[in-house]
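Colleague: the following comprises the amino acid sequence and a computationally predicted model.
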Amino acid sequence: MTLDGHKPSIISLPDGKHHEYKGVSCISYFPDGKQMISGSRDRTIRRWDLREGKEIVEELEVCENRIRAVGVSRDGRWVVTASGSGELKVSEVETGIVRTFLDEGHFVWITCIDISLDSTLVAGGSIDSKVRIWSLDTGKLVAGPFKCDGENSVDLALRFSKDSRKLAVLSHLEQRLQVWDVQAQKLDVQRYTLQNAVSTLPIYWTTKNKSIVAAFSFTDGWTTTMYEFNASTLKTIGAPFKATSPIDSLALSSDCTLLTSTSHDRTIKLWAFESRQLLASFDVTSRAITLVISPDSRQLAYTSKDDAKIHVCNIPANILASIGLAEDPQSSTSKSKHPRNAVMTSMMSHRPPRPWPTRDPHTFLHFLRRILLPSSSRTDAVHTDEPRNPLDFTQWFTHSSLLPRPLLKHDENSRLSPTPPTIQSSAINTSA
């Protein structure tokens, strides 16, 4: 299923040029899995009927600033949004009443939010590395600000524990992971590496509040590995989840059975959380930048860098069965009236991941040539004494196998043809 309604936005760059940004910034399921809310740089908040596969037009909200975060409380009562200001907008779904939560005198952008599992608290992290917590019932500031990093401004990721007593916070500057006691308003434990990761990714608590799942980098640069941390000591637990390229987003199912990640290599990977087993890897046509799993763990939705759409996919029954989730005929996904809900198809084969190239430019260029040029084209090449420019990539793209291949097309009642064994993974078809 593809949800189409958001529009690209134009960003002014410091050098005076303009860039078109297409990706939808944030998405969140309603607790019954039948609706979804989304926000984007186009300054709109949209609500979607997932059974019909279309926008609920009367719920469209146009805002003054770009939307940075959206969330729905677990009881379905509250919708919380954060935009380019120092305030949160909290809407009561049943009455439509909208309230503004803010800290007087504080007008720094709030970039991330989380709502406690008991639907009583909302936390907001701002770009000055501070976190504040409000009561959803009264709108009063009840905790914070917690200072979560050094002097530099930074985006944060945060998550309440299941019992709402703790708050985990992750920042990419110095790769700093912290656990705060909400009631005592004090820092319990922290871990940092003094290394700067490129981006901050979502974090999650596991059941019983004993551990935290986060993408974390122990070296400077891109984050390619996800770890489980003991919540009391922040020491790693068990084997890590290793991606084959830098991670763009991740999501952990509410029952902590399924972990999924998206990466620069345009793949979505699904892992069995307890066993750490990679269940499947799927190709998508563009880098997925936002990823969420439905409340019943049977569906995932993502947004991509190169379009203003939301892609919703049903997780295959064999993958659900492998993590103990049998197909549920009464689930919200099965009730969907949309005729062509996208269904992932299983990975045909898995090749060992290539090592990530070093930062040395000559080594990196050699790496590119090695993965882009087929072996036959390298061995059969005609050698001349004329020097070649290593930065002239057009010299290399002469082999027919390097031409782009079209995605598979299929009738809505037909099944996707099996992928040839030489292909690592199959495509997620999101046409609607």
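Modeller: Structure received.
Colleague: got the phi/psi numbers for Glu174?
Modeller: The phi/psi pair for Glu174 (degrees, to the nearest 10) reads phi 70, psi 10.
Colleague: you'd agree Glu55 is up against Leu3?
Modeller: Yes. Applying C-beta atoms under 8 Å as the test, Glu55 and Leu3 come out as touching, 7.0 Å apart. Every C-beta, even on glycine, is put in place using the N, C-alpha and C of the backbone.
Colleague: those two: which is more packed in?
Modeller: Leu3 (25 against 18; other C-beta atoms under 10 Å).
Colleague: against Tyr204, how distant is that one?
Modeller: According to C-beta to C-beta, to the nearest Å, Leu3 and Tyr204 sit 24 Å apart.
Colleague: show me where the protein has its helices.
Modeller: Taking DSSP state H to define them, one finds helices in the chain at 317-322, 361-372, 375-379.
Colleague: so what's the residue count around Ala184?
Modeller: Number of residues near Ala184 (other C-beta under 10 Å) recorded here: 10.
Colleague: so how far is Ala143 from it?
Modeller: 9 Å.
Colleague: ditto for Leu187
Modeller: Going from Leu187 to Ala143 by C-beta to C-beta gives 12 Å.
Colleague: okay, the two: which has more neighbours?
Modeller: Ala143 (19 against 14).
Colleague: what residues does that one make contact with?
Modeller: When contacts are counted by C-beta atoms under 8 Å, 6 or more residues apart in numbering, Ala143 touches 132-133, 182-183, 185.
Colleague: same question, Arg191
Modeller: So Arg191 contacts 176-178, 229, 234 (C-beta under 8 Å, 6+ apart).
Colleague: quick check: the farthest pair among the residues you listed?
Modeller: Across those, the longest distance by C-beta to C-beta is 12.6 Å; it joins Arg176 and Phe229.
Colleague: count the neighbours of Gly96 for me.
Modeller: By the measure other C-beta under 10 Å, the count of residues near Gly96 is 8.
Colleague: start at 2, not 1
Modeller: Right, with 2 as the first residue, what we last looked at is Gly97.
Colleague: per-residue confidence at it?
Modeller: pLDDT, Gly97: 91.
Colleague: next: Gln176.
Modeller: 85.
Colleague: distance of it from Pro247?
Modeller: 14 Å.
Colleague: go on, Ser13?
Modeller: Noted for Ser13: a distance of 27 Å to Pro247, by C-beta to C-beta.
Colleague: the two: which has the busier surroundings?
Modeller: Per other C-beta under 10 Å, whichever of Ser13 and Pro247 has more neighbours is Pro247, with 19 against 9.
Colleague: who's in contact with that one?
Modeller: Contacts for Pro247 (C-beta under 8 Å, 6+ apart) come out as 199, 223-225, 264-265.
Colleague: now for the closest residue to it other than its chain neighbours, how many residues are close by?
Modeller: Take Pro247 and drop its neighbours on the chain: the residue closest to it by C-beta to C-beta, 6 or more residues apart in numbering is Trp223, 3.7 Å away. Trp223 has 16 neighbours, counted by other C-beta under 10 Å.
Colleague: right, and Trp223 touches Ala198 too?
Modeller: Yes. If you go by C-beta under 8 Å, Trp223 and Ala198 touch, sitting 7.2 Å apart.
Colleague: any idea of the mean pLDDT in stretch 185-205?
Modeller: 88.
Colleague: same deal with stretch 128-142?
Modeller: Here stretch 128-142 scores 93 as its mean pLDDT.
Colleague: now do the same end-to-end measure for that stretch.
Modeller: Counting by C-alpha to C-alpha, to the nearest Å, you get 18 Å between the two ends of stretch 128-142.
Colleague: give the buried residues for it.
Modeller: 128-135, 137, 142 (16 or more other C-beta atoms under 10 Å).
Colleague: for stretch 91-99, same thing?
Modeller: 91-92, 94.
Colleague: endpoint to endpoint, it covers what distance?
Modeller: Stretch 91-99 has its terminal residues 6 Å apart, counting by C-alpha to C-alpha.
Colleague: give me the residues contacting it.
Modeller: Contacts of stretch 91-99 (C-beta under 8 Å, 6+ apart): 77-82, 90, 100-102, 123, 137, 140.
Colleague: out of those, which are inside strands?
Modeller: Using DSSP state E to define strands, the subset of the contacts of stretch 91-99 located there is 79-82, 90, 100-102, 123.
Colleague: filter these down to the buried ones and hand me the PyMOL line.
Modeller: This is how PyMOL selects the buried members of the ones in strands among the contacts of stretch 91-99, with burial counted by 16+ other C-beta under 10 Å:
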select buried, resi 79+80+81+82+90+102+123
